[in-house]
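1. Provide a 3D model corresponding to the input given below.
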Amino acid sequence: DGAAAPMETGPQTGTPPCSPSSQQPAVKDDFQFILCEHCRQESPNLKLLTCLHTLCLDCLSENKPIGQCPICRMAIPQASGIPDMDNLLFTNLQTRLNIYKKLSNSSGLSCSRCRSETAAVWCSECEEFLCTKCFEDHQWFFKKRSHEARRVEELRAESAHQFLEDTRKSYNLFCSSPGHADQGHISTIYCRKCEKPLCCSCALLDSQHAPFCDIRSETQRRQEELGIMSQELKQKRSSFEATYAALQDEAVRLEQVQQEMRELIRQRVEQLVRLIRQEEEELLGLVEAQQEQGRQEMVRELQRVEGVLRRMEAGERLVEKMSLYATEQEVMDMQPFIKDSLEQLQQLRPPATGDQAQPGDLAECRARLQAL
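-> Okay, here's the model as predicted:
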């Protein structure tokens, strides 16, 4: 049955052993792409959005009220905000990398079956570490299924990339018919009409959908189809990158124009403020000058009117005293002089305050303020 073959296979020739300390940084740095693209954490529940970004369920739940991909802002069509497609590739890579980390970090792995003995073999089909005794039982039980198993020491000597490559080759497609996958029916045939993998038994019983094709040719065809589409997108991407660069340049130019305009506005406002301050000083000086002139003229007018009032009081008082106490001789001597003075007082007229010019009316100041 070839049960002992895997046990006899040693590390490949020319493959230098790698220490866990030298391998772990490479594993961490080279496989960042399998993390959630938003929180950058591992998750067993990775979802693939229609924009082809990968998010975990926690990030999708937090992002549900927005309804958009937080990376590219493309709308999520599902009403629940949770895409239907699982990112099986990244989820399985996480599982296989965790196995590799367990291999690299531990020198005494326990058997997954008996839990007591040290593991010597890893079965990629069962995804279990097995000791020598459990591996013999395993090979006898699965003697008709050709499970691939490899030594733990051999796997430790491989790099993470080589480990993932080897485990990728070891995985098999199982028949899509209900119950056949659980029975281990490996699919080697693909029905293009049903678009499903089939085992030989199902293909023989299905006479309506022939001819069939080999499952590996179908997977290769799909890979090539995706590769062609990726190349076409690369060519189209160059035009988008050119447009993006042009938009970035335009955004920079707009920012520069905006900055220049802000600076011009600031300088102009400062200039206007200086002009207004200068005008303020001139207007305040003009107001002060006009008010001072008005005060001086008002003082002179008050003094003149006050002098007239005092002359009138003196005349009235002198005439009254002469009528009471003056002799005829005093009247004859003083009357002509007093009469001339009184006639001069009678000719005086009080100033018309409404008709004369007002030096303090600030008309010039009001006009200049209006012009501002």
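2. what residues are up against Leu345?
-> Under the criterion of C-beta atoms under 8 Å, 6 or more residues apart in numbering, the contact partners of Leu345 comprise 308, 311-312, 315. Backbone N, C-alpha and C define where each C-beta goes, glycine included.
3. same thing but 10 Å
-> The contact partners of Leu345, taken as C-beta atoms under 10 Å, 6 or more residues apart in numbering, are 308, 311-312, 314-316.
4. want to try JSON lines for these, with secondary structure and pLDDT as columns?
-> Conversion of the contacts of Leu345 to JSON lines gives the following (DSSP: H, G, I helix; E, B strand; the rest coil; pLDDT from 0 to 100):
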{"residue": "Val308", "secondary structure": "helix", "pLDDT": "90"}
{"residue": "Arg311", "secondary structure": "helix", "pLDDT": "90"}
{"residue": "Met312", "secondary structure": "helix", "pLDDT": "91"}
{"residue": "Ala314", "secondary structure": "helix", "pLDDT": "92"}
{"residue": "Gly315", "secondary structure": "helix", "pLDDT": "91"}
{"residue": "Glu316", "secondary structure": "helix", "pLDDT": "92"}
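5. of all the residues you listed, which comes closest to Gln235?
-> When the contacts of Leu345 are compared for distance to Gln235 (C-beta to C-beta), Val308 comes out closest, at 107.6 Å.
6. Can you tell me, leaving aside adjacent residues, what's nearest to the closest one?
-> When the adjacent residues along the chain are set aside, Val308 lies closest to Leu348, with 5.8 Å between them (C-beta to C-beta, 6 or more residues apart in numbering).
7. tell me the pLDDT at that neighbour?
-> Predicted confidence (pLDDT) for Leu348: 86.
8. Would you state the helices of the chain in chain order?
-> Secondary structure of the chain, counting by DSSP state H: helices at 5-8, 20-30, 57-63, 88-105, 132-141, 152-156, 160-170, 200-205, 215-325, 328-347, 363-371.
9. Out of the ones you listed, point me to the one whose mean pLDDT is lowest.
-> helix 5-8 (a mean of 37).
10. residues in contact with Cys114?
-> The neighbours of Cys114, taking C-beta under 10 Å, 6+ apart as the test, are 130-131, 133-134, 137.
11. ditto for Glu232
-> Contacts of Glu232 by C-beta under 10 Å, 6+ apart: none found.
12. List phi and psi for the residue nearest to Val308.
-> phi -70, psi 140 (degrees, to the nearest 10).
13. Roughly how far does it sit from Lys102?
-> 124 Å (C-beta to C-beta, to the nearest Å).
14. ditto for Arg311
-> Relative to Lys102, Arg311 is positioned 126 Å away (C-beta to C-beta).
15. Equivalent analysis for Gln139, please.
-> Per C-beta to C-beta, Gln139 is found 22 Å from Lys102.
16. what do you get for Met334?
-> Looking at Met334 against Lys102, where the rule is C-beta to C-beta, the gap reads 141 Å.
17. Please work out how many residues are found near Cys194.
-> Neighbour count of Cys194, defined by other C-beta atoms under 10 Å: 14.
18. Could you tell me how many residues sit around Arg96?
-> Using other C-beta under 10 Å, Arg96 is surrounded by 20 other residues.
19. about what we covered before: please convert the helices of the chain to a markdown table, extending it with distance to Ser116.
-> Supplementary listing: these in a markdown table, determined by distance: least, C-beta to C-beta, whole Å:
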| stretch | distance to Ser116 |
| --- | --- |
| helix 5-8 | 19 |
| helix 20-30 | 24 |
| helix 57-63 | 37 |
| helix 88-105 | 18 |
| helix 132-141 | 10 |
| helix 152-156 | 16 |
| helix 160-170 | 26 |
| helix 200-205 | 40 |
| helix 215-325 | 40 |
| helix 328-347 | 142 |
| helix 363-371 | 102 |
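20. To Cys126, which of these lies closest?
-> Counting by C-beta to C-beta, and looking across all of these, nearest comes helix 132-141 at 7.2 Å.
21. Give me the helices and strands touching the closest one, please.
-> Using 3 or more C-beta pairs under 10 Å, 6 or more residues apart in numbering; DSSP states H and E as the contact criterion, the elements in contact with helix 132-141 are helix 5-8, strand 121-123, strand 128-130, strand 149-151.
22. distance between that helix and the chain's centre?
-> A distance of 56 Å separates the centroid of the chain from that of helix 132-141, by C-alpha atoms, centre = their mean, to the nearest Å.
23. how about that helix as CSV, C-alpha atoms only?
-> These are the backbone C-alpha positions of helix 132-141, laid out as CSV (Å, rounded to 0.1, in the frame of the first residue of the first chain):
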residue,chain,number,x,y,z
THR,A,132,4.8,6.8,14.5
LYS,A,133,2.3,4.4,16.0
CYS,A,134,-0.8,6.5,15.1
PHE,A,135,0.7,7.0,11.6
GLU,A,136,0.8,3.2,11.1
ASP,A,137,-2.8,2.9,12.2
HIS,A,138,-3.7,5.9,9.9
GLN,A,139,-2.0,4.3,6.9
TRP,A,140,-3.8,1.0,7.5
PHE,A,141,-7.2,2.7,7.8
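24. and Gln291, how many residues sit next to it?
-> Under the neighbour criterion other C-beta under 10 Å, Gln291 is assigned a count of 13.
25. Is there a quick ChimeraX command that grabs whichever of the contacts of Leu345 are buried?
-> Isolation of the buried members of the contacts of Leu345 (16 or more other C-beta atoms under 10 Å) is achieved in ChimeraX through the command below:
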select :315
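26. got CSV for the contacts of Leu345, with distance to Lys234 too?
-> Written out in CSV, the entries for these read as follows (distance: C-beta to C-beta, whole Å):
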residue, distance to Lys234
Val308, 108
Arg311, 113
Met312, 113
Ala314, 117
Gly315, 118
Glu316, 118
